[in-house]
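A.B. asks: My questions are about this predicted structure, shown below with the sequence.
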Amino acid sequence: MKNNFNQEFFLKKYKYFIFDFDGIIKESVNSKNRAYCKLFEKYKFASRSIEKHHMQNGGVSRYEKIPLYLDYCKLKKTPSTINFYLKKFSELSTKMVIESDWTPGIKTFLNKIQNKNNIFIVSATPEKEIKNICSKIDLNIPKINIYGSPNSKEKNINKFFKTEFKNDYIFFGDSIQDSLAASIFEIDFAFRSYYFNSFIIPKYYNFIFESFLD
């Protein structure tokens with residue numbers, strides 16, 4: 001697919017910029033995949049199912065995935081077991097995400113957005129964790145504008161969304177869940193199509209691109 005991203009076009013057309021994190025800010029989708037695989041590495045019989053589900057459901061929270069993957073591994077879903085795996089996953093994934101590469105062109109694009117108060121991160125990662133990650137990688141975005149789970153993306157967007165400026169918003173995401181969130185608010189959606197999600201195209205989108213490079 002030919003990349004059709006034009007930084008100046010988006011900067012002129014929109015005032016408010018919403019970004020997913022994994023696969024949009026950082027090339028960390030595979031980092032999360034590796035973290036899930038390592039977390040359940042003892043259960044070889046379930047590894048293919050875990051990897052397939054994660055790759056097809058990139059925007060789904062770990063609070064939904066971990067209990068499901070315990071089922072795949074035929075493990076009991078007690079609160080203590082779920083919390084244990086959530087804690088271990090957090091430790092593994094945080095390190096891997098921080099060490100992952102930036103999405104091509106994203107740093108330049110973010111730097112060109114003059115009003116940093118108009119930049120929002122809406123992630124499926126737990127809020128405390130995504131705020132910590134953004135701090136560790138020196139992401140120049142107000143901490144108050146960084147949102148994560150357990151709230152859904154829809155609930156988090158609703159916290160800052162201004163209906164009267166609906167046409168001034170653009171949401172950059174790489175999953176069906178991102179597309180659905182944008183469609184609920186009827187805001188423009190730019191879908192990043194690349195190696196890890198090339199098998200899906202959302203029904204709702206305004207733009208498709210490969211990277212943030214001009």
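C.D. replies: Sure, I can see it.

A.B. asks: hey, let's count contacts and neighbours off CA atoms from now on
C.D. replies: Will do.

A.B. asks: What's the biggest helix in this protein, counting residues?
C.D. replies: When the chain is parsed with DSSP state H, its longest helix is helix 79-99.

A.B. asks: list the helices and strands the lengthiest strand in the chain packs on?
C.D. replies: If you go by DSSP state E, the chain has its longest strand at strand 119-126. Here strand 119-126 touches strand 16-19, strand 146-149, helix 153-160, going by 3 or more Cα pairs under 8 Å, 6 or more residues apart in numbering; DSSP states H and E.

A.B. asks: C-terminal to that strand, what's the next element?
C.D. replies: helix 127-136 (DSSP states H and E).

A.B. asks: my guess is Glu129 meets Leu92, correct?
C.D. replies: No - shown here, Glu129 and Leu92 do not form a contact pair, counting by Cα atoms under 8 Å, at 11.8 Å.

A.B. asks: Next, the contact list for Asn4, please.
C.D. replies: Contact analysis of Asn4 by Cα atoms under 8 Å, 6 or more residues apart in numbering lists 208-210, 214.

A.B. asks: Drop anything exposed from the residues you listed.
C.D. replies: Among the contacts of Asn4, those scoring as buried are 208-210 (criterion: 16 or more other Cα atoms under 10 Å).

A.B. asks: Inside strands: which ones of these?
C.D. replies: Short answer: the buried ones among the contacts of Asn4 in strands (DSSP E) are 208-209.

A.B. asks: can you redo the buried ones among the contacts of Asn4 as JSON lines with pLDDT and distance to Ile24?
C.D. replies: Formatted as JSON lines, the buried ones among the contacts of Asn4 follow (pLDDT from 0 to 100; distance: Cα to Cα, whole Å):
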{"residue": "Ile208", "pLDDT": "94", "distance to Ile24": "13"}
{"residue": "Phe209", "pLDDT": "95", "distance to Ile24": "11"}
{"residue": "Glu210", "pLDDT": "94", "distance to Ile24": "10"}
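
A.B. asks: Not counting its neighbours along the chain, what's nearest Lys26?
C.D. replies: Distances taken as Cα to Cα, 6 or more residues apart in numbering place Trp102 nearest to Lys26, at 4.4 Å, with adjacent residues excluded.

A.B. asks: residues contacting the one you found?
C.D. replies: Trp102 makes contacts with 25-27, as judged by Cα under 8 Å, 6+ apart.
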